[in-house]
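> quick one: sequence plus predicted model below, questions after.
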Amino acid sequence: MNISVYSKKICMLGTFGAGKTSLVRRFVHGIFEEKYLSTIGVHLSHKALSDSVTGIQFNLIIWDLAHIEKFTAATRNYFRGAAAAIIVLDLTRESSFAEKQIRIKEFIESNPGAALVFAGNKTDLLDSHEQVESELHAFAARWQAPAVLTSAKTGENVESLFELVVAAMPEAKKR
């Protein structure tokens with residue numbers, strides 16, 4: 001059997017404190033730390049993930065980006081060449097849904113055809129998921145992208161989030 005292997009850059013986008021780093025740590029290392037350390041610039045992580053449907057292996061290069069307040073030519077370089085972006089929204093803070101702060105438009109302009117997936121993070125801090133799930137899916141629908149509720153703390157849907165990203169990539173859809 002001939003296995004295709006692709007190395008793909010994934011950008012983690014979202015407002016300050018949304019849980020981007022925690023989701024990456026949970027996915028790559030299987031850990032969650034209560035102590036919060038703010039990302040400065042960009043932090044790279046790597047993990048291989050196979051698409052069970054197509055048999056394709058994806059070597060994910062995950063770019064955990066600090067919150068970008070001012071978009072410049074330098075920050076545009078962080079986006080260049082990305083196959084996908086995970087947009088992380090903190091479900092406990094309405095302000096994390098502010099599109100202009102997340103840089104979705106700039107990401108798409110830098111990477112036409114790249115996949116987008118939305119993660120509504122911190123479900124462990126909510127009593128009920130029903131209303132926020134509806135809001136999350138409505139927000140993601142504006143970008144014609146899938147969305148999933150996650151908790152980096154409990155691990156809820158973290159693996160599924162990255163599997164969803166892989167499934168949304170054009171290479172996974174070819175077979």
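Alright, I've got the coordinates.
> residue contacts, Gln10?
Slight slip there: residue 10 is Ile, not Gln. Contact analysis of Ile10 by C-beta atoms under 8 Å, 6 or more residues apart in numbering lists 60-63, 82-86, 162, 165. The C-beta positions use only the backbone N, C-alpha and C, and glycine is treated the same way.
> need the helices for this protein, in chain order.
20-29, 73-79, 99-102, 104-110, 130-141, 158-168, 170-173 (DSSP state H).
> sorry, back to before: quick check: the farthest pair among the contacts of Ile10?
With C-beta to C-beta as the measure, no two of the contacts of Ile10 lie farther apart than Ala82 and Phe162, at 14.4 Å.
> looking at these two, which is more packed in?
Between Ala82 and Phe162, Phe162 has the larger neighbour count (other C-beta atoms under 10 Å), namely 24 against 19.
> does the more buried one touch Ser50 like I think?
No - the criterion here is C-beta atoms under 8 Å, and Phe162 misses it with Ser50 at 11.4 Å.
> ok, Asp90 to Ala167 distance?
24 Å (C-beta to C-beta, to the nearest Å).
> actually Glu109, sorry about that
Counting by C-beta to C-beta, the gap from Glu109 to Ala167 is 24 Å.
> which of the two has more residues huddled nearby?
Neighbours per residue (other C-beta under 10 Å) separate Glu109 from Ala167, with Ala167 holding more: 16 against 11.
> what does the pLDDT read for the nearest residue to that one once chain neighbours are set aside?
Nearest non-adjacent residue to Ala167, counting by C-beta to C-beta, 6 or more residues apart in numbering: Asp51, 6.6 Å away. pLDDT recorded at Asp51 is 70.
> Asp51: what's it in contact with?
Counting by C-beta under 8 Å, 6+ apart, the residues that Asp51 touches are 57-58, 163, 166-167, 172.
> buried ones among those?
Neighbour counting with 16 or more other C-beta atoms under 10 Å marks 58, 163, 166-167, 172 as buried within these.
> wait, Gly155 touches Arg25, no?
No - Gly155 lies out of contact with Arg25 (C-beta under 8 Å); the separation is 10.9 Å.
> tell me which of these two has more neighbours.
Neighbours around Gly155 and Arg25, counted as other C-beta under 10 Å, are more numerous at Arg25. The numbers are 19 against 16.
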